[in-house]
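**Student:** next input, structure requested:
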Amino acid sequence: MYTITAGGAGSSSRSGSRFSSSSSKPSFKGRGGFSPRVNSGSGRSSGGSRFQSAKPFDPKRGFKKDRIDENLFINKATISEADVYIPKHVFADFGVNAQLLENLTKKGLIKPSAIQDQAIPVALTGKDVIGIASTGTGKTAAFLIPLINKIVADKEHKILVLAPTRELASQIEEAFMDFSRNMKLFSVCCVGGSPIMKQIRELDLGVHIVIGTPGRVKDLIERKKINMKMFESIVLDEADRMLDMGFIDDMKFILGMAPANKQTMFFSATFSPEIKSLCKNFLNDPITITVKSRDTASAVEQEVVKVSTDKDKIEKLHDILNRPYGSKVIIFREMKRHVDGLADELKVRGFKALALHGDMRNRERERAISDLTSGRAQIVIATDVAARGIDIPDISLIVNYDIPNNYETYIHRIGRTGRAGKGGHAITFVPERKGGRY
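**Tutor:** Model prediction:
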C-alpha cells in the first residue's frame, strides 16, 4: 500500500444510444442495461470502531451519548498559509476528454482541490484509491472525473457508487449529470423512499452508473435487477458514515459479490478499524491519499451558548437567528418529533423554517434542501441521519440545539459550513451546570 499525504483545508439524463456487448464482458440490454442474473458472493468480517466500539448503533435508540468536554465546541476561526492548498495541476493537465473538460470549466472548476489534485491522477491509472479528506473538500469530483473519462473511452464500462443517504446520492447524480452534459451518458439513483419500480425501469433501459444507498442496492441485487459482476468500478463515498448508520453488513454483501478485477475507491473523513478491514479485504494494493490536516475546519468559528431552561433556549435561538450570520442555517436536533416541533415554533415566530428527517417523503426532503439552497427558506431543522451527506453551498451557521451523541457527530455537523475554504459559524447550546462535561 502506498500513501500520499497532502496539506490543505474542498434523476437521470435521457439522450443516449444502444451499444453492443463484448464477449469478454457481461451482456447488456437496451441502453446498456443490467443483466437480470446475479452471481452469489460472500461478505467478510471487520474489526472494531474507533469512535463507536463501546457504543454500538441501535436502530431504535440510536447511539449512546458520549461525555464531551464543552471546550471542544469552542474554536476561534483562523486560516493560516498552511491551510491554503496550492495545487500542482489544473484540470486541463489531467488529459481528460475535451467535452468533460469543457463541462468542468463551465462549472467554474479550473484548479483542483487538494483531494482532487492528488486522487485524480492516481484514479486515471486504474489503481485502487483510499481517499481520507474532510467533508466539503471536493471528494465527489475526485472520483467522478476519472470515472466519466473511463466511460467515454468504453461505453460498456459500468460504475457503482454507494453513499450513506439519499440526499448525498442525489447530489452525486446531479454532479454526474453536470460533468457529463452532452456526452450521452446515463445514470440512475437507487435510494430508499423513492419508487423502486421506476428505478427498475431505468436499470432495464440501461445506465452507465448506478448511484445508491446500500439498503436499496442490496434489495435490487436480491431482486436480480443488479448483477454485481458487471461493475468494473466501485466507489464508497463517506464510507465512515455508512458504518455509523449500520450498513456494514450490506457493504460487505455488495462488495463480496463484485468481480475481483475491478477498480475500487473508498472516500472517508476518518480511517476507522472497520474501514481498514474493508480496504484490506476488498481493495488491491491501494494508494492512500490523505489531505485532512485536522478534525475541525479551521475556518469555522465555534462557540457555546449556556441555557438554563427550554424557554431560555428558544429565546436565545430566536436572537441568534436574527444576527447577520443567520441567513442560511441548519439546526440539529436528536429526535424527529422535536425537529417538527421546533420547525413549527420558528414558523410561528416568523422564520422561514423547514423540517428534515427520515420519516418525511423523499420529495419533501428534496424540497427542504432545494428551498434552503435557493434561499426560499432561511432554516432547516434536521436530525443527524437525515442531514448526513447534505452539501448546500454557503451555509452561514450551524446550531447544535441538542448536544450531539459524540464528538465525531459534532465534527460532521459543523462540516456543513466552512466548506471549500469559506468561513462559517457553529453554535452549541449547553446547559448551565457545574463541571462542563455532559
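
**Student:** low-confidence ranges in the stretch 1-150 of the chain?
**Tutor:** 1-65, 77-83 (pLDDT under 70).

**Student:** what segments of it are strands?
**Tutor:** 2-5, 129-132 (DSSP state E, counting those that start in this stretch).

**Student:** same check, this time on the stretch 251-400 of the chain
**Tutor:** 263-268, 287-290, 300-307, 329-332, 353-356, 379-382, 397-400.

**Student:** single out the most deeply packed of these.
**Tutor:** strand 379-382 (a mean of 28; mean count of other CB atoms under 10 Å). For every residue, glycine as well, the C-beta is placed using N, CA and C.

**Student:** with just CA atoms, put that strand into CSV.
**Tutor:** Provided in CSV are the C-alpha atoms of strand 379-382 (Å, rounded to 0.1, in the frame of the first residue of the first chain):
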residue,chain,number,x,y,z
ILE,A,379,-33.6,27.5,8.2
VAL,A,380,-33.7,23.7,8.0
ILE,A,381,-34.1,21.8,11.3
ALA,A,382,-32.7,18.2,10.8
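
**Student:** run the chain-centre distance for that strand.
**Tutor:** 18 Å (CA atoms, centre = their mean, to the nearest Å).

**Student:** direction included, what does it pair up with?
**Tutor:** strand 329-332 (parallel), strand 353-356 (parallel) (DSSP bridges).

**Student:** dump the strands of the stretch 251-400 of the chain to a markdown table, plus mean pLDDT and distance to Phe143.
**Tutor:** Below are those laid out as a markdown table (pLDDT from 0 to 100; distance: least, CB to CB, whole Å):
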| stretch | mean pLDDT | distance to Phe143 |
| --- | --- | --- |
| strand 263-268 | 95 | 5 |
| strand 287-290 | 95 | 11 |
| strand 300-307 | 93 | 25 |
| strand 329-332 | 96 | 25 |
| strand 353-356 | 95 | 26 |
| strand 379-382 | 95 | 26 |
| strand 397-400 | 95 | 26 |
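
**Student:** how is Leu160 assigned, secondary-structure-wise?
**Tutor:** Classification of Leu160 using DSSP: H, G, I helix; E, B strand; the rest coil returns strand.

**Student:** dig out what it forms beta bridges with.
**Tutor:** Val210, Ile234.

**Student:** count the residues that sit near it.
**Tutor:** 24 (other CB atoms under 10 Å).

**Student:** is it in contact with Ser233, as I believe?
**Tutor:** Yes. Leu160 lies in contact with Ser233 (CB atoms under 8 Å); the separation is 7.4 Å.

**Student:** mutual contacts of these two, please.
**Tutor:** The contact sets of Leu160 and Ser233 do not overlap (CB atoms under 8 Å, 6 or more residues apart in numbering).

**Student:** OK, contacts around Ile159?
**Tutor:** Ile159 neighbours (CB under 8 Å, 6+ apart): Leu147, Lys150, Ile151, His208, Ile209, Val210, Phe231, Glu232, Ser233, Ile234, Val235.

**Student:** any idea how far Phe143 is from it?
**Tutor:** For Ile159, the distance to Phe143 equals 9 Å [CB to CB, to the nearest Å].

**Student:** common neighbours of the two, please.
**Tutor:** Common neighbours of Ile159 and Phe143 (CB under 8 Å, 6+ apart) are Val235.

**Student:** which parts of the protein are helices?
**Tutor:** 98-106, 114-124, 139-153, 166-179, 196-205, 214-222, 239-244, 248-256, 273-282, 310-321, 336-348, 362-374, 384-387, 407-414 (DSSP state H).

**Student:** could I get the strands paired with strand 379-382 as CSV with distance to Thr135?
**Tutor:** Shown next, in CSV, are these (distance: least, CB to CB, whole Å):
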stretch, distance to Thr135
strand 329-332, 13
strand 353-356, 17
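
**Student:** for Asp402, find the nearest of those strands.
**Tutor:** Of all the strands paired with strand 379-382, strand 329-332 sits nearest to Asp402, with 6.6 Å by CB to CB.

**Student:** just the C-alphas of the closest one, formatted as CSV.
**Tutor:** This file holds the C-alpha atoms of strand 329-332, laid out as CSV (Å, rounded to 0.1, in the frame of the first residue of the first chain):
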residue,chain,number,x,y,z
VAL,A,329,-28.9,27.9,8.8
ILE,A,330,-29.0,24.3,9.7
ILE,A,331,-30.2,23.4,13.2
PHE,A,332,-29.6,19.9,14.6
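
**Student:** who touches it?
**Tutor:** Here strand 329-332 has contacts from 317, 321, 342, 372, 378-384, 387, 390, 392, 395-402, 404, 413, 416-417, using CB under 8 Å, 6+ apart.

**Student:** cutoff 7 Å now
**Tutor:** 321, 342, 378-382, 384, 387, 395-402, 413, 416 (CB atoms under 7 Å, 6 or more residues apart in numbering).
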